[in-house]
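Enquirer: Let me see the structure of the following:
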Amino acid sequence: MKKDKIIYYVATGLLSILLLYSAGMYFFMYDDVATMFTNFGYPTYLIYPYAVIKLLGLIALWTPSLTTIKEWAYAGYFYAFILAFFAHYMIGDGEQVAAVLAIILLVVSYIFNKRLQN
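Expert: Sure, this is the predicted structure:
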């Protein structure tokens, strides 16, 4: 049980750092992110709402009483990371490694969250 908690907290902590960095870029490096979104073919008006949603998802992941919302946050992050992987892959900027890392951390966090709940 203790090993499961350690793995869960390490994976969720590293995922949180990755998401905080990403959301921070969206807020503080808007021009760079807007260029990236334009290259992807995404509208730039999505940048701030997407950053806020990333932060709200983090709150859901770290709040034990929000079990249903936490499931939705895991699902939303999963789809976002899959889409990020393919977006980076399709334009060939080499940044898809961060999406793969995020998917791995997310899956590990999810699996060990389920183990700790049972």
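
Enquirer: export stretch 111-118 as CSV, just CAs?
Expert: Extracted in CSV, the C-alpha atoms of stretch 111-118 (Å, rounded to 0.1, in the frame of the first residue of the first chain):
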residue,chain,number,x,y,z
ILE,A,111,-4.0,3.1,-12.3
PHE,A,112,-2.5,3.8,-8.9
ASN,A,113,-5.4,6.2,-7.9
LYS,A,114,-7.7,3.2,-8.6
ARG,A,115,-5.6,0.9,-6.5
LEU,A,116,-5.6,3.3,-3.6
GLN,A,117,-9.4,3.7,-3.8
ASN,A,118,-10.0,-0.1,-3.5
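
Enquirer: can you tell me the average pLDDT over it?
Expert: In this model, stretch 111-118 has an average pLDDT of 92.

Enquirer: got a list of contacts for the worst-scoring helix or strand of the chain on mean pLDDT?
Expert: Ranked by mean pLDDT, DSSP states H and E, the weakest helix or strand in the chain is helix 30-40, scoring a mean of 92. Helix 30-40 is contacted by residues 25, 26, 43, 44, 46, 47, 87, 91, 93 when judged by CB atoms under 8 Å, 6 or more residues apart in numbering. Quick note: C-beta positions are derived from backbone N, CA and C, even for glycine.

Enquirer: let's go with 6 Å and repeat that
Expert: Helix 30-40 is contacted by residues 25, 26, 44, 47, 87, 91 when judged by CB atoms under 6 Å, 6 or more residues apart in numbering.

Enquirer: What sits closest to the fifth one if chain neighbours are left out?
Expert: Of all residues beyond its chain neighbours, the one nearest residue 87 is residue 40 (4.8 Å), with distances taken as CB to CB, 6 or more residues apart in numbering.

Enquirer: Count the neighbours of that neighbour for me.
Expert: 16 (other CB atoms under 10 Å).

Enquirer: ok, so what distance separates it from residue 21?
Expert: Look at residue 40 and residue 21: by CB to CB, to the nearest Å, they are 19 Å apart.
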